[in-house]
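S.K.: Any chance you can model this:
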Amino acid sequence: MAAHRYDLIVIGSGPAGEKGAAQAAYFGKNVALVERDDLGGTAVNTGTLPSKTLRETALYLSGFRQRGLYGVDYTFDREVTIDDLIRREQNIARTHQTLVGENLARHGIEVFLGTASITDPHSVRVTNEHGATHTLDGEHVLIATGSRPFRPSHIRFDGKRVFDSDTILHLTHIPESLAVIGAGVVGTEYATIFGALGTHVTLVDNDDCLLPFLDDEVRQLLIERMRAVNVTVMFNQEVKDVDRPAGDGGVRLELTGGGHLSAGAALFCVGRSGNTEELGLAAAGIPTARHDRIEVNEHFQTSVPNIYAAGDVIGSPALASTSMEQARVAVCHAFGFAYKQQVSDLVPYALYTIPEVSTAGATEQTLAGEGRSYLVGRASYRTNPRAQILGDTTGLIKLLFDPESRRVLGVHIIGEQASELIHIGQACMFYEGTLDFFIQNVFNFPTLSDLYKYAAYDGLGKLSRHRPN
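M.R.: Model (predicted):
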């Protein structure tokens, strides 16, 4: 069969693939996209959107946000079922699959459903579910195949009692107790989601610190709130084996420290591996690194100059937000578009835990480690009328700033809508703004955003007293 010729062939339709394809098509390039599963990739179908939808559904169905409001314990009279949780998640996934398809069609991108393999630097073979093949020829190729949960070889995942972050969506019931192995972002998010539903959760990690990239103060606040939603954390422990007692006995985890942990089910969140096994990278001359990840340069080029890679398949930071930008940068470099040359160094991180946590810029420990002078301004949700209306009085906005220039160096938030609020501080830092941005600005009232102004005033008070932290 004759080859189809394109300016760009994109493999994968997750955030990186969709946005990279659209970027090229926007500037008039002829683009083909190959997807082996459902449109939207992991972000839409098993990862980002499903887990965040589960979080919001759990908060609503459990009445968690309303607990304590008006002096009423606002919880449902009936037991929350797994169908209650999954129904909303499935609707969101289907809706966004449709939106991705509409976006690709709107940009004139031709979609091929099937498994892609690179046969040479300019050719991609697509095999559909019936075994039929198409060969696509392209000037450039963008690999955006995402990642999958890493499964330790000594653990048997049965999808009934032992799950990973994909198969947990197939739970048949909400367990009374759950062991979550891996206290990274995904593990911590799921731990708090199930905790809010009343499940007794034990979070097991082989490190001695939860989420070490977080600001220490915010981390401690998160741990306190996790305890309040039935989550216990066990540090410096690994799971040697998982035993499944007969009947409905759940699981029994054998730990490296010699102890055991029993739970109704186990969820492993111990990292991810790149989806590269079917791409034929060796034949194309592209090596893979640890966990099947593809190594790229600052332009997101692989060792083959006309083949690029972006998103989870290249590893950290493995965020949907950065994946989109990586793909756009790759496409602009490939075709010489003087449009977007690099991904910003100032990346916001969001944890959709309960409560939310979001951070951008430096932490106290990084500034102290670099020997830099800084001061801290804080504002508590407890003093904010909108936070009281929402029922969140435990949150915090924290600003780190330079005492000489008053330039903002870092923003750290824990509490309701933290993932939205962070962008105000991020924008200030991006343009090298100072505390004066928050002092001089006018915020709607009552809003959570108004907390920035009072964190800035608190910082100015510290500055006037010359008491560095």
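S.K.: got the contact list for residue 31?
M.R.: 6-10, 21, 24-25, 107-110 (CB atoms under 8 Å, 6 or more residues apart in numbering). For every residue, glycine as well, the C-beta is placed using N, CA and C.
S.K.: 7 Å instead?
M.R.: Residue 31 makes contacts with 6-8, 10, 21, 24-25, 109, as judged by CB atoms under 7 Å, 6 or more residues apart in numbering.
S.K.: Kindly report the same for residue 358.
M.R.: 348-350, 413, 418-419, 421-422.
S.K.: Try it again at 10 Å.
M.R.: Residues near residue 358 by CB atoms under 10 Å, 6 or more residues apart in numbering: 218, 348-352, 411-415, 417-423, 425-426.
S.K.: Check residue 238 too.
M.R.: Applying CB under 10 Å, 6+ apart, the residues near residue 238 are 152, 181, 204-206, 253-257, 270.
S.K.: With distance to residue 297 and neighbour count added, can I get those in CSV?
M.R.: As requested, these are exported to CSV (distance: CB to CB, whole Å; neighbours: other CB atoms under 10 Å):
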residue, distance to residue 297, neighbour count
152, 31, 14
181, 34, 27
204, 37, 26
205, 33, 23
206, 32, 15
253, 42, 23
254, 43, 15
255, 41, 17
256, 38, 11
257, 42, 11
270, 29, 22
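S.K.: Which one of those residues is nearest to residue 87?
M.R.: residue 181 (27.5 Å; CB to CB).
S.K.: Return the backbone torsion pair for that closest one.
M.R.: Main-chain torsions, residue 181, degrees, to the nearest 10: phi -100, psi 120.
S.K.: Select from the contacts of residue 31 the one having the most neighbours.
M.R.: residue 10 (36 neighbours; other CB atoms under 10 Å).
S.K.: any idea of the pLDDT on that one?
M.R.: Residue 10 is assigned 98 on the pLDDT scale.
S.K.: where's residue 151, which helix or strand?
M.R.: Here residue 151, judged by DSSP states H and E, is contained in no helix and no strand.
S.K.: wouldn't it be in contact with residue 291 here?
M.R.: No: using CB atoms under 10 Å, residue 151 is not in contact with residue 291, being 11.4 Å away.
S.K.: Which neighbours do the two have in common?
M.R.: By CB under 10 Å, 6+ apart, the residues touching both residue 151 and residue 291 are 271, 273.
S.K.: Tell me which strands the helix or strand containing residue 124 pairs with, and in which orientation.
M.R.: Following DSSP H and E, one finds residue 124 within strand 123-127. Neighbouring strands of strand 123-127 in its sheet, by DSSP bridges, are strand 115-120 (antiparallel), strand 133-143 (antiparallel).
S.K.: hang on, the earlier thing: restricted to buried residues, select the contacts of residue 358 in ChimeraX.
M.R.: Here is the ChimeraX command that selects the buried residues among these (16 or more other CB atoms under 10 Å):
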select :218,348,349,350,351,352,411,412,413,414,415,417,418,419,421,422,425,426
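S.K.: Which residue lies nearest the spatial centre of the protein?
M.R.: Nearest to the geometric centre of the chain sits residue 319, at 5.0 Å (CA atoms, centre = their mean).
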